[in-house]
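> Have a look at this fold, sequence not included:
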């Protein structure tokens, strides 16, 4: 009994010291536990935890480097590759469970992007920015969405296979296009990254961004967002009748055990689903990038090579329409999303009073969804070149590998 009493006292001390009792007893509206539109934020947060755990292990094996060439014995074939590619190859094909670990990390990243975008659209439809502290939460959500997609692309680049080269070129093209449009960000990017060409220094900085800086910012903003939700509450239901809305908001349940059990069950289901995806749909490693003889910007993209789906819609825009429009559209979409709370003057978040904003949310989903599907199922023959509409000297074309 004395041991049990000691454990209880330690537990009570921890609960009081770290304010855990207030957190566990925090009231959560019942509709937020029952409505799936309120679950995707948790899916994104759980995916982030899985990414941190798997990412720490992957970082122990990864070696950034693109300028030094190494030889990989792949069956009867010898591959000339970069050090970055070799480290991933060794992990996937020669380390125990390395194949599972990399694919779990990648599928978790894709799930986090999907959950983040779905969470954004759900909050757009629900008019979540119209509640107390809703503007600040909306701003944090938009910034987190941009950071999550950026983090996915940064991790994609580190492999330095053909898909990674394509993703990296998309990023470099944005800086180049903006420079030619009169927005001098290319120089700033070159100063930060060390170059606009792919060198050891650039890959090392991308690696630091991916494993330290960007996830650190995501964790900080995610913590701030959770803190604001605890103080401001979850999004109110989109009901015009004020009495019904207040009645729904007042019907609450403590976080523990109700939402806690839902979150734990969701975590187990999510992890099981990710492992199923790893087993059923594993991602291969494409051929290594080996200088200009393999592939370079302006050359026809190799058949079957596509960027990751989070930026597939952008890839489709670049190839299907004018590149200047393709670069400007995502920037305008993000800037417009940031000022939505200032533009939506409806008196409540009821769907009936916000028809135009519901239509705008559907347009956002349509642009990204349609572009993604089109990029996967339709082969667009136009070469993905940095300067499709601008005459540029040959020596200014961005190479794929340091020269």
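Happy to help now that I have it. Just so you know, these numbers come straight off a predicted model, no measurement behind them.
> which stretches of the stretch 201-350 of the chain form strands?
252-254 (DSSP state E, counting those that start in this stretch).
> Low-confidence regions, it specifically.
289-305, 322-325 (pLDDT under 70).
> can you pull out the helices in it?
Taking DSSP state H, counting those that start in this stretch to define them, one finds helices in the stretch 201-350 of the chain at 214-232, 242-250, 260-280, 312-320, 323-343.
> Mind checking those helices for the one nearest to residue 72?
When the helices of the stretch 201-350 of the chain are compared by Cβ to Cβ, helix 260-280 sits nearest residue 72, at 23.4 Å. Where you see a C-beta, it was placed from the backbone N, CA and C, and this is true even at glycine.
> Show me how far the closest one is from its chain's centre.
From the chain centre to the centre of helix 260-280 is a distance of 19 Å (Cα atoms, centre = their mean, to the nearest Å).
> What residues of that helix count as buried?
Neighbour counts over helix 260-280 (16 or more other Cβ atoms under 10 Å) mark 262, 263, 267, 270, 274, 277, 278 as buried.
> Would you confirm that residue 348 contacts residue 244?
No. Taking contacts as Cβ atoms under 8 Å, residue 348 lies outside contact range of residue 244: 11.7 Å.
> higher neighbour count, these two?
residue 348 (17 against 11; other Cβ atoms under 10 Å).
> which residue sits closest to that one, ignoring its sequence neighbours?
Once flanking residues are discounted, residue 348 sits nearest to residue 240: 6.4 Å by Cβ to Cβ, 6 or more residues apart in numbering.
> Angles on the backbone of that neighbour, please.
Main-chain torsions, residue 240, degrees, to the nearest 10: phi -70, psi -40.
> Report the separation between residue 340 and residue 356.
Distance, residue 340 to residue 356, using Cβ to Cβ, to the nearest Å: 11 Å.
> Looking at those two, which is more packed in?
Counted by other Cβ under 10 Å, residue 340 and residue 356 do not tie: residue 340 has more neighbours, with 18 against 11.
> and the more buried one, what does it touch?
124, 129, 138, 357 (Cβ atoms under 8 Å, 6 or more residues apart in numbering).
> and it, how far is that from residue 137?
From residue 340 to residue 137 the distance is 12 Å (Cβ to Cβ).
> List the buried residues for the longest helix anywhere in the chain?
Secondary structure of the chain per DSSP state H: the longest helix is helix 98-126. Using 16+ other Cβ under 10 Å as the test for burial, helix 98-126 gives 98-99, 101-126.
> Tabulate the contacts of residue 340 in JSON lines, adding columns for pLDDT and distance to residue 5.
Below are these laid out as JSON lines (pLDDT from 0 to 100; distance: Cβ to Cβ, whole Å):
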{"residue": "124", "pLDDT": "89", "distance to residue 5": "52"}
{"residue": "129", "pLDDT": "87", "distance to residue 5": "49"}
{"residue": "138", "pLDDT": "93", "distance to residue 5": "48"}
{"residue": "357", "pLDDT": "89", "distance to residue 5": "57"}
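> re the thing from before, hey, what's the angle from the longest helix of the chain to helix 323-343? Just curious.
Helix 98-126 runs at 50 degrees relative to helix 323-343, counting by axes from the mean of the first three to the mean of the last three Cα atoms, to 10 degrees.
> helices or strands next to helix 98-126 in the packing?
In terms of contacts (3 or more Cβ pairs under 8 Å, 6 or more residues apart in numbering; DSSP states H and E), helix 98-126 is packed against helix 40-59, helix 83-94, helix 134-157, helix 260-280, helix 355-377.
> which of the residues in the second one are buried?
The reference is to helix 83-94. For helix 83-94, by 16+ other Cβ under 10 Å, it's 83, 84, 85, 86, 87, 88, 89, 91, 92.
> quick check, distance from it to the centre of its chain.
On Cα atoms, centre = their mean, the centre of helix 83-94 falls 24 Å from that of its chain.
> Check the third one too.
Mean-position distance between helix 134-157 and its chain equals 6 Å (Cα atoms, centre = their mean).
> ditto for stretch 76-87
That offset, for stretch 76-87, works out to 28 Å (Cα atoms, centre = their mean).
> Other residues contacting it?
Counting by Cβ under 8 Å, 6+ apart, 61-72, 89, 158-161, 203, 285, 287-290, 401 sit against stretch 76-87.
> got the end-to-end distance for it?
20 Å (Cα to Cα, to the nearest Å).
> repeat for stretch 33-43
13 Å.
> Give me the residues contacting that stretch.
Applying Cβ under 8 Å, 6+ apart, the external contacts of stretch 33-43 come out as 31-32, 111-112, 115-116, 118-119, 122, 125-126, 234-235, 237, 253, 258-259, 262-263, 266, 270.
> With stretch 128-146 instead?
For stretch 128-146, contacts defined as Cβ under 8 Å, 6+ apart pick out 116-117, 119-120, 123, 218, 221-222, 224-225, 228-229, 231-233, 235-236, 334, 337-338, 340-341, 344, 346, 348-349.
> buried sites along it?
Neighbour count says stretch 128-146 has 128-131, 134, 137-145 buried, by 16+ other Cβ under 10 Å.
> Include distance to residue 198 when you put these into a markdown table, please.
Output for those, formatted as a markdown table (distance: Cβ to Cβ, whole Å):
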| residue | distance to residue 198 |
| --- | --- |
| 128 | 40 |
| 129 | 40 |
| 130 | 45 |
| 131 | 45 |
| 134 | 42 |
| 137 | 38 |
| 138 | 36 |
| 139 | 34 |
| 140 | 33 |
| 141 | 32 |
| 142 | 30 |
| 143 | 27 |
| 144 | 28 |
| 145 | 27 |
